[in-house]
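Undergrad: Turn this into a structure:
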Amino acid sequence: MVQSNRLRFDWLPAVALCTALAAAMLAWNPPVGDLAAQVFRTELFQRGGLSIWNGSWYGGHYTLTYSVLFPPLAALLGPRIVGGLAVIASAYLFDRLVRERWGEAARWATLWFAAGVVTLLADGQLTFALGVACGLASLRALQLGWRAAAIVAAAACALSSPVAAVFLAGALLVGAVPGERLRAPAAWAASIALALLMLLWSPPVGDLAAQAFRAELFERAGLAIWNSSWYGGHYTLTYSVLFPPLAALLGPQVVGMLAVVVSSYFFDRLVRDRWGVEARWATLWFAAGVVTLLADGQLTFALGVAFGLAALRCLQTGRAALAILAAAACPLASPVAGAFLAGVLLAGAAEPGRRPSRLALAAGGVSLALVLVPNLAFPETGEFPFVFSSYVAIPLWCAGALILTHGVREEERQLRRVLVAYLLAATVIWLLPNAMGGNAVRLGALFGGPVMLCALWGSPLWRRLWIAPLLVAGFASLALWMWSPAVRDVIKYI
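TA: Numbers count the residues shown, from 1 in each chain. Next up is the predicted model:
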């Protein structure tokens with residue numbers, strides 16, 4: 001019993017040291033560093049609440065990109081009190097994290113951190129201190145397997161300090177938190193942290209104007225069939241049926257953020273059940289990469305991807321009704337995503353010499369029908385450009401993937417059939433101008449790298465000295481394929 005009590009309170013020295021130093025800083029109260037900025041934002045909240053813009057600081061700035069949670073907390077308790085509580089909470093959480101990881105050997109490190117974290121008060125970095133506390137809370141919740149608490153704390157980290165959220169996302173993406181049970185929520189938590197950063201930053205990139213326009217159109221007129229205010233008029237239902245009402249209810253960017261987080265979760269579950277522990281790095285790659293849909297403003301496509309992955313997951317777990325429902329929602333959210341889902345399901349199910357899965361065929365047929373029927377009922381005459389420089393990435397990836405997966409695993413035959421179907425369909429789309437056009441690239445750009453990493457990780461190819469460098473270069477090219485459009489759009493904004 002004595003041993004249990006000692007272990008229960010072994011965090012006291014670190015917390016006591018941090019509390020004493022924080023109290024000394026509060027009593028001294030030197031006007032240092034960024035303290036003026038924290039006080040200014042507290043007073044700004046007291047006067048006008050969570051305003052979006054303020055013109056009184058360095059010629060004007062967006063206030064929500066600095067911190068969402070700190071101003072109301074500081075207005076309630078005082079900026080220094082919030083900072084003091086944040087560093088004390090950080091000292092406690094850091095102690096719990098490292099002691100469970102390294103045991104009693106970490107006791108001196110906890111005292112070092114307890115003294116060092118108080119420097120955030122000395123620098124006036126109070127919003128960052130609050131973000132650090134929330135970030136450490138997220139890591140501790142992951143360590144204990146508390147998934148909901150980990151997600152909430154990761155969200156609070158981003159809303160407290162975007163800088164702290166970047167550090168948290170980086171720690172999760174490189175697997176800084178050990179333990180098999182943490183790997184699944186790590187990808188999810190990293191995705192939500194990065195998505196929240198994009199939501200707070202909110203750069204006016206890519207197709208964002210189109211999404212905002214359709215949300216406003218639904219608010220004014222509901223699900224109208226035709227609108228003449230966009231490029232000389234167009235049928236609205238062939239763009240998206242589900243996104244406008246959801247965007248009108250929650251906001252376009254919030255819908256997009258939720259979609260990429262859900263996509264990250266379903267992709268993690270899909271590939272881990274398919275490839276096991278070998279998929280762990282691919283899930284983190286996808287978690288970071290799917291956020292590029294927010295950077296490109298492709299919010300309707302993000303919603304369609306979430307429903308498409310949900311349909312695949314339901315098929316994987318044998319939930320027939322939910323699989324059909326999600327397969328129907330996918331093209332209603334994004335016809336482009338619906339076409340991809342239909343192609344993957346139909347190509348994957350049609351295995352020579354074996355009876356195809358009726359459920360997969362039914363889900364693929366539903367998705368394909370809901371892509372074709374609206375477009376046949378409301379035909380568009382426009383064509384989406386598909387230049388050769390965009391198209392060439394598809395045959396290069398498909399050919400490389402087909403070569404590398406040949407003989408790697410017998411069960412990769414399904415993946416190879418999907419690759420062949422994607423190559424043929426993309427070639428037809430490139431040769432015959434149509435409304436899909438360059439959108440065909442999205443499937444390979446988003447899923448190409450993570451899926452190939454799942455299929456090839458741990459294969460004998462990595463042990464061949466002349467092939468391993470080629471694989472590294474290939475995966476680097478796939479990462480560039482995924483990220484370059486988003487980076488280009490963000491640079492235009494900056």
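Undergrad: and Ala114, how far is that from Ala321?
TA: 54 Å (CB to CB, to the nearest Å). From N, CA and C alone the C-beta is placed, and that goes for glycine too.
Undergrad: do Leu359 as well
TA: For Leu359 relative to Ala321 (CB to CB), the value is 10 Å.
Undergrad: With Gly474 instead?
TA: To Ala321, Gly474 is 40 Å away according to CB to CB.
Undergrad: Equivalent analysis for Leu111, please.
TA: Counting by CB to CB - Leu111 and Ala321 are separated by 57 Å.
Undergrad: Between those two, tell me which one has more neighbours.
TA: Leu111 (17 against 8; other CB atoms under 10 Å).
Undergrad: what residues are up against that one?
TA: 13-14, 17 (CB atoms under 8 Å, 6 or more residues apart in numbering).
Undergrad: where along the stretch 201-350 of the chain do the helices fall?
TA: 208-221, 243-250, 252-275, 280-289, 292-295, 299-317, 320-333, 335-349 (DSSP state H, counting those that start in this stretch).
Undergrad: hmm, I was thinking of the stretch 1-150 of the chain
TA: Going by DSSP H, counting those that start in this stretch, the stretch 1-150 of the chain shows helices at 2-8, 12-28, 35-48, 70-77, 79-102, 107-116, 119-123, 126-144, 147-160.
Undergrad: element containing Ala369, please.
TA: Assigned by DSSP states H and E, Ala369 belongs to helix 358-377.
Undergrad: List the buried residues in the helix or strand following that helix.
TA: Next along the chain after helix 358-377, taking DSSP H and E as the criterion, comes helix 388-391. Residues 390-391 are the ones in helix 388-391 that count as buried (16 or more other CB atoms under 10 Å).
Undergrad: now do stretch 367-385
TA: Quick answer for stretch 367-385 (16+ other CB under 10 Å): 367-368, 370-371, 374-375.
Undergrad: now the longest helix along the chain, how far from the centre of its chain.
TA: Using DSSP state H to define each element, the chain has its longest helix at helix 468-493. Put simply, helix 468-493 sits 17 Å off its chain's centre (CA atoms, centre = their mean, to the nearest Å).
Undergrad: Same question for stretch 32-48.
TA: 31 Å.
Undergrad: Look at Ser264 and say how many residues are nearby.
TA: Counted with other CB under 10 Å, Ser264 comes out at 28.
Undergrad: can you check the one 4 residues further on too?
TA: By other CB under 10 Å, the residues close to Asp268 number 26.
Undergrad: Check what pLDDT it gets.
TA: For Asp268, the pLDDT comes out at 91.
Undergrad: Repeat that for Leu7.
TA: So Leu7 comes in at 46 (pLDDT).
Undergrad: Same check on the one 3 residues further on?
TA: Looking at Asp10, its pLDDT stands at 79.
Undergrad: name the element the residue nearest in space to the middle of the chain belongs to?
TA: Nearest to the mean C-alpha position of the chain, by CA atoms, centre = their mean, lies Ser191 at 3.0 Å. Ser191 belongs to helix 183-201 when assigned by DSSP H and E.
Undergrad: From the chain's centre, how far out is that helix? Work that out for me.
TA: With CA atoms, centre = their mean as the basis, helix 183-201 stands 5 Å off its chain's centre.
Undergrad: before we move on, the earlier item: run through the neighbouring helices and strands of the helix holding Ala369.
TA: helix 299-317, helix 320-333, helix 335-349 (3 or more CB pairs under 8 Å, 6 or more residues apart in numbering; DSSP states H and E).
Undergrad: closest one to Ala154 among those helices?
TA: Ala154 lies closest to helix 299-317 among those, at 18.6 Å (CB to CB).
Undergrad: so which of the contacts of Leu111 comes closest to Leu142?
TA: Closest approach to Leu142 among the contacts of Leu111 (CB to CB): Ala14, at 20.6 Å.
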